[in-house]
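**Student:** Give me coordinates for this.
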Amino acid sequence: MTRLLHLLIASSALALAVIPAKAQISFTTAVDLALKNSPKVRMAEADVDKARAALEESRDVYIPTLVGGSGLGYSYGFPLGQPSVFNFTSQSLLISFAQPDYIRAARASLNAANLTLKDARQAVVEDTAITYLALDRDLQRQAALGDENGYATRLVLIVQARLDAGQETPIGLTTVRLTAAQVRLARLRAEDETATDQAHMARLTGLPAAGLGVISSSIPPFAPPAPDGPLTTGPVTSPVVEAAYATAKAKQQIASGDARYLWRPQIYFVAQYSLFSKFNNYDLYYQRFQYNNAGIGVEIRFPVFDAVHKAKARESAADAAHSQYEADAARDQFLEGRQKARHATTELAARAEVAGLDQQLAQQQLDAMLVQLKAGNGNSSGAQMTPKDEQTTRIAEREKFLTVLDTNFQMQQAQINLLRQNGELETWVKAVSQSQPSISLKPE
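**Tutor:** Down below sits the predicted model:
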């Protein structure tokens, strides 16, 4: 009896193990996982670390360096060099007219790297939000197409029976069979698109793609689109445009530093200490030999002519001018894109309203037909409602519902793009209630 019980427990555990699990992930959790898992964000963070190190490097030239070494060796006759057991050398920059420009350039580059990181994060949030909405649309579409496929299958059976009874033509049967085949094709395409969106969401979040689902209630609500008109609200630029201007500023500072290289003194602090030895017979050739030796002072350089640096200054100036024009072009492209996104959002909102009303009308017509079928029509003078009419109306209502899903998704996609360009995307994402579940696993 105990052995049989163990077998039953093992069989039950095996059966539960092979049941596929369906992972449902909330909207904010998907965004958080995508930000942590994104290679683009990590690369941007590495660029920020690099820019910060470059800024420290440009400032640390004023900090004295300390280098230790030794010059031990054998010599014959008059000794060559310094017979130091060990020595220390220190050097640092004291005055340079170009170095402050290079420091400001490094600071502007760090600002550009931070802005690029911000834009990379917003790009990941936008991609994740759109993919999440697409997956939500896909799952609803699959359910609707499953209903439509059932209606189309019943319609074929009804028309086949009517044809056998002499109440239908072969053309009518072919027509409904074509409708059923089109529904099956649409269902296959929808399954492929769902699998593609699940795979993309899995790559974004690092979760398994199989059975990956969404929680529709966790999607933050969208504000109604603003009416068309001149853009008087929202930022004038975006992080990518501000990063372009920061890069241009950095290159302008570099060009300024390169232009101030010639005809300006450069002053360095230098110091050295050496401990000499007697094994090279220095004490025989030098009357006042001593072990400890040190020196300290300044080194002044005055560049008068340097063709390489002169050409480098012209190159830096041209590069700075190019970056400035590139930033201006990015700003103009951003403003035009935001205006187009705003118009597209308004138009898609109107299309979504039309599609919603069309689907609502189809549902009302279906409800009216079901009432007539249940009551036996009740109108002897009007056309009699048949089961064929019912299935045809149900298919038409599902088609209108699919149109609503696609139109709403296109509108939401345009709204997300506009939110990003207005700098409101992260605020919108954080608006979701914290009470929504993050991840739940349940048998499929």
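
**Student:** just checking, Arg104 touches Lys251?
**Tutor:** No - checked against Cβ atoms under 8 Å, the pair Arg104 and Lys251 is beyond contact range at 11.4 Å. Glycine gets a C-beta too; all of them are placed from N, C-alpha and C.

**Student:** any idea which helix or strand comes after the longest strand along the chain?
**Tutor:** Longest strand in the chain, counting residues (DSSP state E): strand 84-96. Downstream of strand 84-96, the first helix or strand assigned by DSSP states H and E is helix 99-164.

**Student:** pLDDT (mean, whole number) over that following helix?
**Tutor:** Over the span of helix 99-164, the pLDDT mean works out to 93.

**Student:** on that earlier part again, output the contacting helices and strands for the longest strand of the chain.
**Tutor:** Applying 3 or more Cβ pairs under 8 Å, 6 or more residues apart in numbering; DSSP states H and E, one finds that strand 84-96 makes contact with strand 65-69, strand 266-276.

**Student:** picking that back up, more crowded one of Arg104 and Lys251?
**Tutor:** Lys251 (22 against 19; other Cβ atoms under 10 Å).

**Student:** Helices of the chain, residue ranges please.
**Tutor:** Assigned by DSSP state H, the chain shows helices spanning 2-18, 27-37, 39-59, 99-164, 170-205, 239-259, 282-285, 307-374, 387-421, 425-430.

**Student:** Just name the most buried of the ones you listed.
**Tutor:** Among the helices of the chain, the stretch with the highest mean neighbour count (mean count of other Cβ atoms under 10 Å) is helix 239-259, at a mean of 22.

**Student:** how far off helix 307-374 does that helix point, in degrees?
**Tutor:** 180 degrees (axes from the mean of the first three to the mean of the last three Cα atoms, to 10 degrees).

**Student:** Send me helix 239-259 as CSV with only the CA atoms.
**Tutor:** Presented in CSV, the C-alpha positions along helix 239-259 are these (Å, rounded to 0.1, in the frame of the first residue of the first chain):
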residue,chain,number,x,y,z
PRO,A,239,18.3,64.1,-24.7
VAL,A,240,19.8,63.1,-28.0
VAL,A,241,19.7,66.7,-29.3
GLU,A,242,21.2,68.0,-26.0
ALA,A,243,23.9,65.4,-26.2
ALA,A,244,24.7,66.6,-29.7
TYR,A,245,25.0,70.2,-28.5
ALA,A,246,27.2,69.0,-25.6
THR,A,247,29.5,67.2,-27.9
ALA,A,248,29.7,70.3,-30.1
LYS,A,249,30.6,72.3,-27.1
ALA,A,250,33.3,69.8,-26.1
LYS,A,251,34.8,70.0,-29.6
GLN,A,252,34.7,73.8,-29.5
GLN,A,253,36.6,73.8,-26.2
ILE,A,254,39.2,71.4,-27.7
ALA,A,255,39.6,73.7,-30.7
SER,A,256,40.0,76.7,-28.4
GLY,A,257,42.7,74.8,-26.5
ASP,A,258,44.6,73.8,-29.6
ALA,A,259,44.5,77.4,-30.9
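
**Student:** Please list the residues outside it that contact it.
**Tutor:** Helix 239-259 has contacts (Cβ atoms under 8 Å, 6 or more residues apart in numbering) with 98-102, 104-106, 108-109, 111-113, 115-116, 118-119, 122, 237, 309, 312-313, 316-317, 319-320, 323-324, 326-327, 330-331, 334.

**Student:** now that helix, how far from the chain's geometric center?
**Tutor:** 25 Å (Cα atoms, centre = their mean, to the nearest Å).

**Student:** Quick check, Trp263 in contact with Phe305.
**Tutor:** No - using Cβ under 8 Å, Trp263 is not in contact with Phe305; the gap is 9.5 Å.

**Student:** Just the pLDDT for Val67.
**Tutor:** pLDDT, Val67: 93.

**Student:** For it, give the beta-bridge partners.
**Tutor:** Taking DSSP bridges as the rule, Val67 bridges to Thr89.

**Student:** re the thing from before, average pLDDT for the longest strand of the chain?
**Tutor:** The model assigns strand 84-96 a mean pLDDT of 88.

**Student:** and if you look at stretch 371-387?
**Tutor:** 64.
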